[in-house]
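Give me coordinates for this.
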Amino acid sequence: MQGNSEGSPGQEEVQINIFMWKVMIIICTLGNPCTIFEQDPVVYHKTEAECMAVAQKKEALLLGSFMDIGYTISISEAKCDTTSTGA
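As a prediction, this is how the structure comes out:
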């Protein structure tokens, strides 16, 4: 809630933090620096489990694409990162 609030005297303004999850995929190929991939536009997920399910599918697709064009994958990681939004 922002701005002036017209409530009863003594009433406090309450700020609620809502945590959302976004997909991040890290891929390192031999001879190249590691790259962090995020969805564009960013899609926020309500739970970590929901986000991880999407992240693992996206990681598999990216790894397949990299290997199809001849890259050797040294490290890959699917993860989800939290972001806080005020509501």
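
Point to the helix or strand of this protein where mean pLDDT is at its lowest.
strand 73-86 (a mean of 85; mean pLDDT, DSSP states H and E).

how about the strands in this protein?
17-29, 35-38, 44-45, 73-86 (DSSP state E).

Show the low-confidence segments of the chain, by residue range.
Along the chain, segments meeting pLDDT under 70 span 1-17, 84-87.

so how far is residue 72 from the residue positioned nearest the centre of the chain?
Centroid-nearest residue in the chain: residue 22, 1.7 Å away (criterion: Cα atoms, centre = their mean). To residue 72, residue 22 is 28 Å away according to Cβ to Cβ, to the nearest Å. No exception for glycine: its C-beta is placed from N, CA and C like everyone else's.

before we move on, the earlier item: tell me which strands and helices the least confident helix or strand of the chain is in contact with?
Strand 73-86 makes packing contacts with strand 17-29, helix 48-68 when contacts are defined by 3 or more Cβ pairs under 8 Å, 6 or more residues apart in numbering; DSSP states H and E.

Export those as CSV, with columns for distance to residue 35.
As requested, the helices and strands packed on strand 73-86 are exported to CSV (distance: least, Cβ to Cβ, whole Å):
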stretch, distance to residue 35
strand 17-29, 6
helix 48-68, 9
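
okay, the ones you listed, which one's buried deepest?
Most buried of the helices and strands packed on strand 73-86, by mean neighbour count (mean count of other Cβ atoms under 10 Å): strand 17-29, with a mean of 17.

Sheet-wise, list the partners of it with their directions.
In the sheet, strand 17-29 lines up against strand 35-38 (antiparallel), strand 44-45 (antiparallel), strand 73-86 (antiparallel) (DSSP bridges).

Name the residues of the longest one that come out as buried.
I take that to be strand 73-86. 76, 78, 79, 80 (16 or more other Cβ atoms under 10 Å).
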